[in-house]
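# quick one: sequence and predicted model below, then my questions.
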Amino acid sequence: MSGRVVVAEVSEAPLSVDAALAAVSDPRVGGVGIFVGIVRDHHDGASVTGLDYSAHPKAIDVLRAVADEVAAAHDVVSIAVSHRVGDLTVGDLAVVVAVGAEHRAPALDACRELIESLKQQVPIWKHEHLTDGASVWVGS
(Lines give C-alpha, C1' and ligand atoms only; values in the text may rest on other atoms or scores of the structure.)
Protein backbone atom coordinates (compact mmCIF):
# COMPACT_ATOMS: atom_id res chain seq x y z
CA MET A 1 0.00 0.00 0.00
CA SER A 2 1.29 3.46 -0.82
CA GLY A 3 0.06 6.15 1.53
CA ARG A 4 -1.00 9.60 0.60
CA VAL A 5 0.26 12.90 1.89
CA VAL A 6 -2.76 14.75 3.24
CA VAL A 7 -0.88 17.74 4.68
CA ALA A 8 2.54 19.14 3.73
CA GLU A 9 2.85 22.75 4.79
CA VAL A 10 5.20 25.49 5.85
CA SER A 11 3.26 27.97 7.94
CA GLU A 12 3.59 31.07 10.09
CA ALA A 13 0.53 29.98 12.08
CA PRO A 14 0.92 27.99 15.31
CA LEU A 15 0.96 24.23 14.76
CA SER A 16 -1.41 21.70 16.29
CA VAL A 17 -0.80 18.06 17.19
CA ASP A 18 -4.59 17.56 17.27
CA ALA A 19 -4.91 18.87 13.70
CA ALA A 20 -2.14 16.53 12.49
CA LEU A 21 -3.76 13.57 14.25
CA ALA A 22 -7.14 14.41 12.73
CA ALA A 23 -5.56 14.76 9.28
CA VAL A 24 -4.17 11.20 9.31
CA SER A 25 -7.25 9.62 10.87
CA ASP A 26 -8.85 6.96 8.70
CA PRO A 27 -10.87 3.81 9.45
CA ARG A 28 -7.89 1.72 8.24
CA VAL A 29 -5.45 3.38 10.67
CA GLY A 30 -4.60 1.32 13.75
CA GLY A 31 -1.47 3.20 14.77
CA VAL A 32 -0.15 6.74 14.45
CA GLY A 33 3.47 7.76 14.78
CA ILE A 34 3.85 11.38 15.87
CA PHE A 35 6.94 13.54 16.23
CA VAL A 36 6.72 17.02 17.70
CA GLY A 37 9.69 19.37 17.60
CA ILE A 38 9.52 22.02 20.33
CA VAL A 39 11.63 25.15 20.80
CA ARG A 40 13.88 24.43 23.79
CA ASP A 41 15.62 26.89 26.09
CA HIS A 42 19.21 25.85 25.34
CA HIS A 43 21.66 24.91 22.59
CA ASP A 44 25.25 23.72 23.02
CA GLY A 45 25.36 24.98 26.62
CA ALA A 46 23.97 28.43 25.82
CA SER A 47 20.56 29.69 26.96
CA VAL A 48 18.08 30.36 24.17
CA THR A 49 15.31 32.97 24.38
CA GLY A 50 13.70 32.09 21.07
CA LEU A 51 14.41 31.58 17.41
CA ASP A 52 13.19 32.28 13.97
CA TYR A 53 12.86 29.92 11.06
CA SER A 54 13.13 31.10 7.48
CA ALA A 55 12.36 29.03 4.42
CA HIS A 56 13.41 29.08 0.79
CA PRO A 57 10.45 29.77 -1.53
CA LYS A 58 10.69 26.16 -2.80
CA ALA A 59 10.71 24.66 0.72
CA ILE A 60 7.08 23.54 0.45
CA ASP A 61 7.82 21.74 -2.84
CA VAL A 62 10.79 19.94 -1.31
CA LEU A 63 8.77 19.09 1.81
CA ARG A 64 5.99 17.61 -0.35
CA ALA A 65 8.51 15.58 -2.36
CA VAL A 66 10.16 14.21 0.80
CA ALA A 67 6.77 13.30 2.28
CA ASP A 68 5.70 11.64 -1.00
CA GLU A 69 8.92 9.56 -1.03
CA VAL A 70 8.34 8.38 2.53
CA ALA A 71 4.69 7.58 1.79
CA ALA A 72 5.71 5.50 -1.22
CA ALA A 73 8.45 3.65 0.67
CA HIS A 74 6.37 2.54 3.66
CA ASP A 75 3.18 0.62 4.27
CA VAL A 76 1.27 3.65 5.53
CA VAL A 77 -2.18 5.12 4.98
CA SER A 78 -1.60 8.85 5.44
CA ILE A 79 1.00 11.48 6.30
CA ALA A 80 0.71 15.00 7.66
CA VAL A 81 3.77 17.22 8.12
CA SER A 82 3.85 20.89 9.10
CA HIS A 83 6.86 23.12 9.76
CA ARG A 84 6.58 26.53 11.31
CA VAL A 85 8.43 29.62 10.09
CA GLY A 86 8.78 33.06 11.63
CA ASP A 87 9.50 34.07 15.21
CA LEU A 88 9.02 31.34 17.83
CA THR A 89 9.48 31.37 21.59
CA VAL A 90 10.54 28.64 23.98
CA GLY A 91 7.79 26.01 24.15
CA ASP A 92 6.34 26.72 20.69
CA LEU A 93 5.84 23.80 18.29
CA ALA A 94 8.32 24.03 15.43
CA VAL A 95 7.46 20.89 13.48
CA VAL A 96 4.74 18.24 13.66
CA VAL A 97 4.87 14.95 11.78
CA ALA A 98 2.04 12.41 11.93
CA VAL A 99 1.92 9.12 10.06
CA GLY A 100 -1.10 6.82 10.10
CA ALA A 101 -0.74 3.13 9.28
CA GLU A 102 -2.61 -0.09 9.89
CA HIS A 103 0.08 -1.09 12.41
CA ARG A 104 2.46 0.77 14.72
CA ALA A 105 5.80 -0.36 13.28
CA PRO A 106 5.35 1.15 9.79
CA ALA A 107 3.85 4.32 11.31
CA LEU A 108 6.83 4.80 13.63
CA ASP A 109 9.42 3.87 11.00
CA ALA A 110 7.96 6.28 8.45
CA CYS A 111 7.63 9.04 11.05
CA ARG A 112 11.32 8.77 11.96
CA GLU A 113 12.41 8.65 8.31
CA LEU A 114 10.28 11.68 7.48
CA ILE A 115 11.64 13.92 10.25
CA GLU A 116 15.23 12.89 9.48
CA SER A 117 14.79 13.48 5.73
CA LEU A 118 13.02 16.79 6.36
CA LYS A 119 15.94 18.04 8.48
CA GLN A 120 18.47 16.99 5.83
CA GLN A 121 16.69 18.08 2.65
CA VAL A 122 14.12 20.82 3.21
CA PRO A 123 15.64 24.32 2.94
CA ILE A 124 14.45 25.76 6.25
CA TRP A 125 17.00 27.57 8.41
CA LYS A 126 17.00 28.12 12.17
CA HIS A 127 18.37 31.31 13.73
CA GLU A 128 18.56 30.99 17.52
CA HIS A 129 18.63 34.02 19.83
CA LEU A 130 20.67 33.64 23.01
CA THR A 131 20.16 35.28 26.40
CA ASP A 132 23.52 37.07 26.14
CA GLY A 133 22.30 38.93 23.03
CA ALA A 134 24.24 36.80 20.57
CA SER A 135 22.64 34.61 17.93
CA VAL A 136 23.61 31.52 16.03
CA TRP A 137 22.47 29.92 12.78
CA VAL A 138 21.88 26.20 13.27
CA GLY A 139 22.21 23.66 10.49
CA SER A 140 22.74 26.22 7.75
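Yep, it's here.

# quick one: low-confidence parts of the protein?
Filtered on pLDDT under 70, the chain yields the residue ranges 1-2, 140.

# can you pull out the strands in it?
Assigned by DSSP state E, the strands in the chain fall at 4-11, 31-38, 42-43, 46-55, 78-84, 86-89, 93-101, 124-130, 135-138.

# so what's the residue nearest the centre of the chain up against?
A centroid search over the chain (CA atoms, centre = their mean) returns Val95, at 3.4 Å, as the residue closest to the centre. Shown in contact with Val95 (CB atoms under 8 Å, 6 or more residues apart in numbering): 15, 35-37, 81-84, 115, 118. In this view, the C-beta of every residue, glycine as well, is placed from N, C-alpha and C.

# the same query, at a cut-off of 10 Å, please.
By CB atoms under 10 Å, 6 or more residues apart in numbering, the residues touching Val95 are 10, 15, 35-38, 53, 81-84, 114-115, 118-119, 122, 124.

# from Ala101, how far out is it?
Distance of Val95 to Ala101, given as CB to CB, to the nearest Å: 20 Å.

# quick one: work out the angle between the longest helix anywhere in the chain and strand 124-130.
As assigned by DSSP state H, the longest helix anywhere in the chain is helix 104-121. Angle, helix 104-121 to strand 124-130, by axes from the mean of the first three to the mean of the last three CA atoms, to 10 degrees: 80 degrees.
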